[in-house]
Structure formats: C-alpha cells, structure tokens
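In: model this:
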Amino acid sequence: MRRRRLALLGLLALAVAGCAIPTQSGPSTIAANRVPFGLLNPQSPVTTTTQPKPSSLVPVKVFFVSPSQQFVAVNRVVEAPAPLTSVITSMLAGPTKAEAAPPSSLTTAIPNSVVCLSAATEPGSNTVIVDFNDAFSQISGTSAELAVAQVVSTIAAQNGEGTGVIFEIQGQRTSVPIANGSSVPGPVYLLQFVP
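Out: Purely as a prediction, here's the structure:
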C-alpha cells in the first residue's frame, strides 16, 4: 500500500512538473517548423489615416483710403473659392499696421463695428446684394460716401468693373451716397465714383 502511494505521488509529481514553465539559463533556438504561423515574418498592421487637406487660400484685392482720399488696392488672402462675404470681411478688418504706417498711411472709412451679414450675386445678373448690420447705416457725411466706394471697389475687383451693388441693412434695401452727392437705392456702380 505504501508503495502504491509512493508510485502515485511520483506520477503526480511528474504530471505537475510537466505543467510548469520550463526554466533555462539563456535563450534557445526553436525549429522553424515549430514556430506558430505568421511569427517568422511579422508584418505591421496596416492602418489608413486621412490627413486633413491643407487650407487652400486665394489672393484677393480689397480697397482702403489714402490720405488724399484715393482708393488703394491691397492684397489679402481668403479661403478658396473666395466667397464675397469673406472678401468683404477681410476688407472690414482694416489696413494692417504696416499699411496704416507712413508712407502709405492707409485708413478705412468703415468702423470696426460693421459686419457683413451676406454678399451674393443675384442669379442671372451682374448685381451683388451686400447686407450689413445696422452699424453701416450709422456712417455719415463724407465717410459714408467713402465707405460705399470701398465696398463697391472691392466687389468690382472680384466680379468685374460692370458689377452693380445693392446695399441692405439687416435685410432691408437702403439708399447710399455716390460721388455726385446724391443718394441712390442702387445698384451702385464703380463708374459712379470715378471723377
């Protein structure tokens, strides 16, 4: 009986030893036919990433006022395809510090409280309707005429000299001053500001 127990304990010890992790003093080579499939020639997983497209900017011309009250074109860049609202908004930002400094000393007749709400070409025509917030209607005197001319010049630079501009304030059509001193409901053309 005692022998049987010893034999059973011996078998049990062999079984437990067979389940243990073998220990070695160093690494050993495994035959290629014993290596699991895919481990001999590992490949990195393939992932696809979408890179954001770089911003596409296009040059445009906007107009500011010189000390002699002449209109001067300056370059700006806006996101393609350069919608008129973006072009006018870049003009509303005013001249840069360098442009405002001598010798250019450019200014704008449009206060920074003015916002372009929309600007779009009327379908089937060469007329642009530009809509400003109420701050545009607060411009008065010579500044009002200069502000209108700045807007018309900037739009004409994008759409052509024959483009007419209708001004709106908060969606309501409004009359604006032109170079001869009269106030017109529009459309207003660049030629009305050329002496």
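In: host element of Val165?
Out: strand 164-169 (DSSP states H and E).
In: what does that strand contact?
Out: 125-134, 136-137, 148, 151-152, 155, 173-176, 185-189 (C-beta atoms under 8 Å, 6 or more residues apart in numbering). In short, each C-beta sits where N, CA and C put it, glycine included.
In: and if we set it to 7 Å?
Out: Contacts of strand 164-169 from elsewhere in the structure, counted by C-beta atoms under 7 Å, 6 or more residues apart in numbering, are 126-132, 134, 136-137, 151-152, 155, 173-174, 176, 186-189.
In: pLDDT value on the residue nearest to the spatial centre of the chain, please?
Out: Compute the mean C-alpha point of the chain, and by C-alpha atoms, centre = their mean the closest residue is Glu79, 5.6 Å away. Listed pLDDT for Glu79 reads 90.
In: pull out the buried residues from the contacts of strand 164-169.
Out: 127-132, 136-137, 151-152, 155, 174, 176, 186-189 (16 or more other C-beta atoms under 10 Å).
In: the residues you listed in helices, which ones?
Out: Val151, Val152, Ile155 (DSSP state H).
In: wait, the second one touches Leu191, no?
Out: No - under the contact definition of C-beta atoms under 7 Å, Val152 does not touch Leu191, with a separation of 9.7 Å.
In: who touches both of these two?
Out: In contact with both Val152 and Leu191: no residue, using C-beta under 7 Å, 6+ apart.
In: contacts only, for the residue nearest to Pro111 when sequence neighbours are not counted.
Out: Once flanking residues are discounted, Pro111 sits nearest to Ala135: 6.4 Å by C-beta to C-beta, 6 or more residues apart in numbering. Neighbouring residues of Ala135 by C-beta under 7 Å, 6+ apart: Pro111, Ser113, Val114.
In: with distance to Ser90 added, can I get the residues you listed in TSV?
Out: Putting the contacts of Ala135 into TSV (distance: C-beta to C-beta, whole Å) gives the following:
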residue	distance to Ser90
Pro111	16
Ser113	17
Val114	13
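In: which of those are buried, as a ChimeraX select command?
Out: In ChimeraX syntax, the buried subset of these is picked out as below (16+ other C-beta under 10 Å):
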select :114
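In: a markdown table for the contacts of Ala135, including pLDDT?
Out: Shown next, in a markdown table, are the contacts of Ala135 (pLDDT from 0 to 100):
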| residue | pLDDT |
| --- | --- |
| Pro111 | 96 |
| Ser113 | 96 |
| Val114 | 97 |
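In: isn't Thr163 up against Ile155?
Out: Yes - with contacts counted by C-beta under 7 Å, Thr163 reaches Ile155, the gap being 5.8 Å.
In: now for these two: what residues contact both?
Out: With C-beta under 7 Å, 6+ apart as the test, Thr163 and Ile155 both reach Val128.
In: quick one, helices of the protein?
Out: According to DSSP H, the helices that the chain contains are 2-19, 84-92, 97-100, 141-159.
In: quick revisit: and the residue nearest to Pro111, how far from Val114?
Out: Using C-beta to C-beta, to the nearest Å, Ala135 is found at 5 Å from Val114.
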